[in-house]
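K.L.:
Sequence and predicted structure below; questions after.
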Amino acid sequence: MFQQLLDIIFPRRCFACHTVGRYFCLECSANLARAGSNELGHLAAFDYDQPAIKKAIWKLKYSGITSLADELGALLAEHLLEEMIELALYAGRERVLVVPVPLSRARRRRRGYNQSALLARALVKRMPDKLEYRDDLIFKIKDTPAQVSLSRRAERLRNLRGAFRAPRPERLAGRAVLIIDDVITTGATLSEMAKTLKTAGADPILTAALAHREI
């Protein structure tokens, strides 16, 4: 009800053409520049450097407009549909575990929410029979400096070394996992998370984000 009231007072406008009704109208969403997988195999739906995507991510991440996550999650689901079906087939009867990139407790407390978790939940809503949202299988145990403050991949990898912990390996053993983030830059965060989950027994692991940003 609160969101409906906000939509009446502040109607949603397309970030690309400013048409009232949605954050991304059907025509503009179809024309967004697509990304792909980087050299490490991390998937991304869109190119971050297009203004509409950049603005949407900033509004979701820093302005508290959490209602954006549903539309962005739907766009991500559309882009990942083929990969998600393949993962679901590999998993067999068990649903694929969808795991968001976690925030440290300190950053989660400062921001009030985890934007990657909102995207992951929105994604799972599109395929609830094949995907299962879990945010209790891996945690960030170090409050590291923001990755955006580091320009080199080697620095980012050092920054995240030992930053994640998977305390329940028995719940990951042999399970297919899809890790979701908002933005991929060098892929250091996703690589470190995937390594931690693989050590805990998860297999296979797919990593994906809404957008890819060049540095």
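P.N.:
Yep, that arrived.

K.L.:
Could you use CA atoms for every contact and neighbour count after this?
P.N.:
Noted.

K.L.:
and the longest helix for the chain?
P.N.:
Taking DSSP state H as the criterion, the chain has its longest helix at helix 68-91.

K.L.:
who touches the closest residue to K54 other than its chain neighbours in this structure?
P.N.:
Leaving aside its sequence neighbours, K54 sits nearest to Y48 (CA to CA, 6 or more residues apart in numbering; 5.6 Å). Applying CA atoms under 8 Å, 6 or more residues apart in numbering to Y48 gives the contacts K54, V183, A211, H212, R213, E214.

K.L.:
give me that answer again for 7 Å
P.N.:
Y48 sits next to K54, A211, H212, R213 when contact means CA atoms under 7 Å, 6 or more residues apart in numbering.

K.L.:
Pull the most distant pair out of these.
P.N.:
K54 and H212 (10.3 Å; CA to CA).

K.L.:
who has more neighbours, these two?
P.N.:
H212 (26 against 17; other CA atoms under 10 Å).

K.L.:
wait, isn't that one in contact with G187?
P.N.:
No - H212 lies out of contact with G187 (CA atoms under 7 Å); the separation is 9.2 Å.

K.L.:
Show me the shaky parts of the chain.
P.N.:
By pLDDT under 70, the weakly predicted segments of the chain are 1-9, 144-159.

K.L.:
Tell me what the residue nearest the centre of the chain is bridged to.
P.N.:
Centroid-nearest residue in the chain: D181, 2.6 Å away (criterion: CA atoms, centre = their mean). Beta-bridge pairing of D181 under DSSP bridges involves A209.

K.L.:
before we move on, the earlier item: mind listing what's buried along the longest helix of the chain?
P.N.:
68-77, 79-80, 84, 87-88, 90-91 (16 or more other CA atoms under 10 Å).

K.L.:
got it, and stretch 203-215?
P.N.:
D203, P204, I205, L206, T207, A208, A209, L210, A211, H212, R213.

K.L.:
Name the SS class of the fifth one, please.
P.N.:
Local secondary structure at T207 is given as strand here, using DSSP: H, G, I helix; E, B strand; the rest coil.

K.L.:
list the contacts for the nearest residue to it once chain neighbours are set aside?
P.N.:
Closest residue to T207 apart from its sequence neighbours, by CA to CA, 6+ apart: I179 at 4.8 Å. Each residue near I179 by CA under 7 Å, 6+ apart is listed here: V98, V99, P100, V101, L206, T207, A208.

K.L.:
was I right about the fifth one contacting V177?
P.N.:
Yes - L206 lies in contact with V177 (CA under 7 Å); the separation is 6.3 Å.

K.L.:
Run through who's touching the helix or strand harbouring E132.
P.N.:
For E132, the element it lies in under DSSP states H and E is strand 131-133. Here strand 131-133 makes contact (CA under 7 Å, 6+ apart) with R95, V96, L97, V98, V99, R121, V124.
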